[in-house]
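[1] Structure of the sequence below:
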Amino acid sequence: MLQDPTGRLLYVGDSATLSFLQLLRMMVENVAGSSPFTNDPRRHKIVEGQFSLPPGVRHTHLLPDQRTAQVLVDAFFVHTHGLLQVFDHQQFMEELTQCYSDPLATEPSFLCLLNLVFAIGLTFATPLSGSDEALIIDKLRSEHLDRAEVFYLNAKGLNDPMNGLEDQDFWSIQALLLMSLYMLAKSKRNNAFALLGMAARSAHALGLHREETMVIFSQEEQEARRNLWRSLFVMDRFLSCSLGRPIAISEDDCSGDSLHPLEQCGEDPYVSATHQPLKETGKCAIEAAVRSCSVIGVILKKVYQRRKVNTRLAQEIADVCKNWPRALPAVLHWRQAATASPAQGVAILHVNLFYCHSIILLTRPFFLYILNLETQRQASQSTTGNRGPRPYLRMEKFSEACVIASTHTILLVQNASDAGYLSRRNPAVIYFLFAAALVILSNEFAGLYKIDAADTCILNAITIMDHCSSNDQQAVRLVYIMNCFRDVVTTERRRRRQSQAEPTSLPSISSQLYGVPLLNQQQNSVGISQNQANPQARLHQVPIHIYPGMQMSPLQNEPSPSFQNQTLAQTLAPHNQPSLSVHLSPIQNPSGTIIPNPIFPSLSKPQSLSNVLDLSALDATRVPSLYDEGGASDENIEFDALWAWPSNTPRPGSPRMMGDGGGVLNGDRVQGVSDSAVPLYGVMRGDGLMDG
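    Got it, this is the predicted structure:
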C-alpha cells in the first residue's frame, strides 16, 4: 500500500516494479545497511501528478491554426505507433481537413477527440531540433500555462465522455482510452486505471469483444472496432502489470479474431523490409503488441495472481514466449532501427519492449530468489569469514534470462534515444526502462552474473531517465532512485574489493548476451577512434538469443535492414562465420561531456542460435545434477514467503534457507526498511522438501 499526495492508500501488486523496488530495499539494507536508497523518505509514497491550471480557469475551446494542428496530429500518430491504433490515419486526416474547412459543422464528439489528440501529441512530441515542427512545439511549451492540459480540459468541456455513461457510444470509448493515456503521461496512474476500466466496460456493452457482432458493420467499421478493442487490450495489460492490479479484459470472453487475427501480417519475417505505409506497419505493430500482452496476461493470471511459480510452469510459458519473435514481421525487427523512420522506429521500440517485459515478468521471481540467496550469503560472510560457491538451482537459467532481457531493454531504448525519436514523456518506455535498470543494478550489487557492459547500461539508463526528467514528473523521482541505488552498488563493490571477497569467477553471461566478449578499458580507446570514423555504424547490439532462428548480419557502412533465417548447420559452417562490428554511439551525460560506450570486436567464432528461453546454451556451463528429468522435482517459489510480515516467526510452511554449512542462516528474517521481520524468500521443491 502506497500513499498518494491526497493521503489515500493505493494498492500496488507483486507484478509492479514498485513492489520489486520495495523487496530490493529490504535485501540491500540486510547486506549494506541504511542508505539514502533504503531509507528514502518517499519510499511509502506513489507519484501522482496534479493539474497545474487553476480550477476556475476559463476555456476558450479555440482550435490552433491548421499548421500547428497538423504538427500535433502527426506527433500523436508517430508516438502512439505500436502502442495504440485508435484511428485510421487517412480517415482522421480527412476529417481534420473538413473540420478546418467548415468548423461550425464539426460534431462535438470529433472536437473532443481532436483536442485529446492535440494534448497527447504535444505531450509526446519529439521534433528534430531546428526544424519548423520544433519551433511550433517549443512555442506551445514555452507559454505560461500547460497548453497540453488546456487541450485536455477543452476536450472534456466540449463533450465529456464521462457524462451519461449509460449512453456511451463508440467515440466515447475512443475518448476514454485517449484520456487514460494522457493521464499516464501526467503521472496520474490511478486515474488512468479508472478511465481504462470505464472504457473496457463500455466496449463490452457495445460488443467489441465478440466477433459475431461484426457482421452488421461495414468493412471499415469492423477494422476500426477490432483496432480499438486491441488497443484497449494492450493498455489494459500494461496498466495491470505496472500497477499489479486485476485485468479488465479477459481473453476467455473474446471470440473469433477480435483479438488474435486468423492470419498474421502477410509478410515473410525473414525478407528484407522496406518502409511501409503507416497503416500497414500499424496493423503489424498492434498485432505484435497484442501477442506480447496476451503472454503478459497469462503470467499475471498464472503467476502473480496465484502468488507462486515453479520451474515447470515457467518453462511452459517460456515456450510460448519464444514463438513471438518467430512471427515478428521484418519491418518490426530491432535491426530495422538503424534506418527506420520515426513512426517505424517507435513501433519497433514499443513492440520489442513489451516482448522483453513479458520475459522479465516471467523470470523476475527466480531472479529475486537467487538475489536474496546471494545477499543472505553476503550478510552472513561477516560472521563466517568466507562464502563458497552458491548451490546451483534449476531456476538459475530463468534468473539469467531476466538479466539478459533487462540488458536488451536498455539497449533498445538507447537505440531510440540515439536515433532522436524517443519521447521524454512516454509512460510505457519510462516504466520498462526503470524496471530493467533495477534488475541490472541488483545484479551488480550482488555480483550474480558478470556482464562487461553493465556499467555502460546503467549509465545510459540513468542518463536517458535524467533526460526525460526535464519534462516528466515521474522520471524525476525514478532518476533519483536509480542514482541512489547506483551509489550503493559502487560502495558495495568497493567493500568487496577491500575485503577481497569478490568471487574469482562469476558466472558469465556476456557471451550469451552478445556472442562475443567485450573489450577491456585499454582496448576501448582504440575501438572508439575506429568507430568514430564510421558514424553510420551506430546501431546498438542486443542479445543474440532474444530472437531465435535469426542470424545477425554484419553492419557495413550502409547498414543492411535484412536478416536471414539460417539453420544451425549453416551457421556452424566454417566458411559462413560472420564478421560483426557494432558501434555503441556516445551520448551526453547531464554535465554535457561525451561518455563513450564499449565497442564490440569482430566475431572469431560462430554465434549460437539458441534462444534465451530455450536456455540450452546456459546448461553446458552449469552443474547438471538438477537437470536430470527423473532425478529432481520442480522448484516452487511462494510469494508469501517474502511478504509474510511483520511476524518474527516464519509462517507455517515458510521454508528456511540453508547456509553453506548446512545450518539455518541467521535467521529466517530479512531486516526491511520498516524494521519489520520478513521471512526469507524461500523455494520449495514439488515434493514439499526445500532445496538449498
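[2] From now on I want contacts and neighbour counts done on CA atoms only, so please keep to that.
    Noted.
[3] So which other helices or strands are in contact with the lengthiest helix in the chain?
    Among the segments of the chain that qualify as a helix by DSSP state H, the longest is helix 342-384. Under the contact criterion of 3 or more CA pairs under 8 Å, 6 or more residues apart in numbering; DSSP states H and E, helix 342-384 touches helix 17-32, helix 66-79, helix 278-299, helix 311-321, helix 396-419, helix 427-446, strand 635-638.
[4] Mean neighbour count, those: which tops it?
    Among the helices and strands packed on helix 342-384, helix 396-419 has the highest mean neighbour count (mean count of other CA atoms under 10 Å), at a mean of 25.
[5] and it with helix 427-446, angle?
    Interaxial angle of helix 396-419 relative to helix 427-446 (axes from the mean of the first three to the mean of the last three CA atoms, to 10 degrees): 130 degrees.
[6] Give the other helices and strands that helix 396-419 contacts.
    helix 342-384, helix 427-446, helix 454-469.
[7] one more time with 10 Å, if that's ok
    Here helix 396-419 touches helix 311-321, helix 342-384, helix 427-446, helix 454-469, helix 510-514, strand 587-588, helix 616-619, going by 3 or more CA pairs under 10 Å, 6 or more residues apart in numbering; DSSP states H and E.
[8] re the thing from before, can you redo the helices and strands packed on helix 342-384 as TSV with mean pLDDT?
    Formatted as TSV, these follow (pLDDT from 0 to 100):
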stretch	mean pLDDT
helix 17-32	91
helix 66-79	96
helix 278-299	89
helix 311-321	90
helix 396-419	91
helix 427-446	95
strand 635-638	79
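[9] so what's residue 227 up against?
    Applying CA atoms under 10 Å, 6 or more residues apart in numbering to residue 227 gives the contacts 84-88, 208, 221, 233, 258-259, 282-283, 286-287.
[10] quick one: buried residues of the one helix or strand it maps to?
    According to DSSP states H and E, residue 227 maps onto helix 219-243. Neighbour-count burial for helix 219-243, counted by 16 or more other CA atoms under 10 Å, picks out 222-243.
[11] repeat for stretch 140-154
    140, 146, 147, 148, 149, 150, 151, 152, 153, 154.
[12] The residue nearest to residue 286 when sequence neighbours are not counted is in what secondary structure piece?
    Spatial nearest neighbour of residue 286, excluding adjacent residues (CA to CA, 6 or more residues apart in numbering): residue 82 at 5.3 Å. Secondary structure from DSSP H and E places residue 82 outside every helix and strand.
[13] Please verify my assumption that residue 82 contacts residue 348.
    Yes. Here residue 82 lies in contact with residue 348, judged by CA atoms under 10 Å, at a distance of 7.3 Å.
[14] re earlier: mind putting the helices and strands packed on helix 396-419 in CSV, distance to residue 297 included?
    Listed next are the helices and strands packed on helix 396-419 as CSV, based on distance: least, CA to CA, whole Å:
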stretch, distance to residue 297
helix 311-321, 11
helix 342-384, 9
helix 427-446, 16
helix 454-469, 27
helix 510-514, 27
strand 587-588, 36
helix 616-619, 26
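[15] out of those, which comes closest to residue 487?
    If you check each of the helices and strands packed on helix 396-419 against residue 487 by CA to CA, helix 427-446 wins as the nearest, at 10.1 Å.
[16] quick one, the closest one and helix 17-32 angle?
    Angle, helix 427-446 to helix 17-32, by the same axes, to 10 degrees: 20 degrees.
[17] Tell me which other helices or strands helix 427-446 touches.
    Against helix 427-446 (3+ CA pairs under 10 Å, 6+ apart) you get helix 17-32, helix 170-185, helix 219-243, helix 342-384, helix 396-419, helix 454-469, helix 473-498.
[18] Specify the angle between it and helix 454-469 in degrees.
    Going by the same axes, to 10 degrees, helix 427-446 makes 150 degrees with helix 454-469.
[19] how far off helix 342-384 does helix 427-446 point, in degrees?
    Using the same axes, to 10 degrees: helix 427-446 against helix 342-384 is 30 degrees.
[20] What angle do helix 219-243 and helix 427-446 make with each other?
    Calculated by the same axes, to 10 degrees, helix 427-446 forms an angle of 30 degrees with helix 219-243.
[21] what's the distance between the closest residue to residue 84 other than its chain neighbours and residue 412?
    Sequence neighbours aside, residue 231 is the residue nearest to residue 84 in space, at 4.8 Å (criterion: CA to CA, 6+ apart). Per CA to CA, to the nearest Å, residue 231 is found 22 Å from residue 412.
[22] likewise residue 210?
    With distances taken as CA to CA, residue 210 is found 35 Å from residue 412.
[23] need the helices and strands packed on helix 342-384 in a markdown table with distance to residue 478, can you?
    A markdown table is the format used below for those (distance: least, CA to CA, whole Å):
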| stretch | distance to residue 478 |
| --- | --- |
| helix 17-32 | 10 |
| helix 66-79 | 22 |
| helix 278-299 | 23 |
| helix 311-321 | 29 |
| helix 396-419 | 15 |
| helix 427-446 | 7 |
| strand 635-638 | 28 |
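[24] Show me the one of these that comes nearest residue 217.
    Minimum separation from residue 217 across these (CA to CA) falls at helix 278-299, 19.5 Å.
[25] Put the alpha carbons of the closest one into CSV.
    Extracted in CSV, the C-alpha atoms of helix 278-299 (Å, rounded to 0.1, in the frame of the first residue of the first chain):
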residue,chain,number,x,y,z
LEU,A,278,1.7,4.0,-41.6
LYS,A,279,-1.5,1.9,-41.8
GLU,A,280,0.4,-1.3,-42.7
THR,A,281,3.1,-1.0,-40.1
GLY,A,282,0.4,-0.1,-37.6
LYS,A,283,-1.6,-3.2,-38.3
CYS,A,284,1.5,-5.4,-37.8
ALA,A,285,2.6,-3.5,-34.7
ILE,A,286,-0.7,-3.7,-32.9
GLU,A,287,-0.9,-7.4,-33.6
ALA,A,288,2.7,-7.9,-32.3
ALA,A,289,1.8,-5.9,-29.2
VAL,A,290,-1.3,-7.9,-28.6
ARG,A,291,0.6,-11.2,-28.8
SER,A,292,3.1,-9.9,-26.1
CYS,A,293,0.3,-8.6,-23.9
SER,A,294,-1.5,-11.9,-24.2
VAL,A,295,1.5,-13.6,-22.7
ILE,A,296,1.7,-10.9,-20.1
GLY,A,297,-1.9,-11.7,-19.2
VAL,A,298,-1.1,-15.4,-18.8
ILE,A,299,1.8,-14.5,-16.5
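[26] when you give positions from now on, start the count at 56
    OK, 56 is where the count begins now, so the last one is helix 333-354.
[27] so residue 172 makes contact with residue 204?
    No. Using CA under 10 Å, residue 172 is not in contact with residue 204; the gap is 11.7 Å.
[28] what residues are shared contacts of these two?
    What both residue 172 and residue 204 touch, as defined by CA under 10 Å, 6+ apart, is the set 178, 210, 237.
[29] Closest one of the residues you listed to residue 129?
    Proximity of those to residue 129 (CA to CA) peaks at residue 178, which lies at 12.4 Å.
[30] what's around the closest one, how many residues?
    Look at residue 178: counted by other CA atoms under 10 Å, it has 28 neighbours.
[31] element containing it?
    helix 163-179.
[32] Just the buried residues of that helix, please?
    For helix 163-179, burial by neighbour count (16+ other CA under 10 Å) applies to 164-179.
[33] mean confidence for it?
    Helix 163-179 shows a mean pLDDT of 95.
[34] Could you name the helices and strands sitting against it?
    Applying 3+ CA pairs under 10 Å, 6+ apart, we find helix 163-179 packed against helix 121-134, helix 144-156, helix 187-196, helix 202-214, helix 225-240.
[35] List the buried residues in stretch 506-525.
    By 16+ other CA under 10 Å, the buried positions in stretch 506-525 come out as 506-524.
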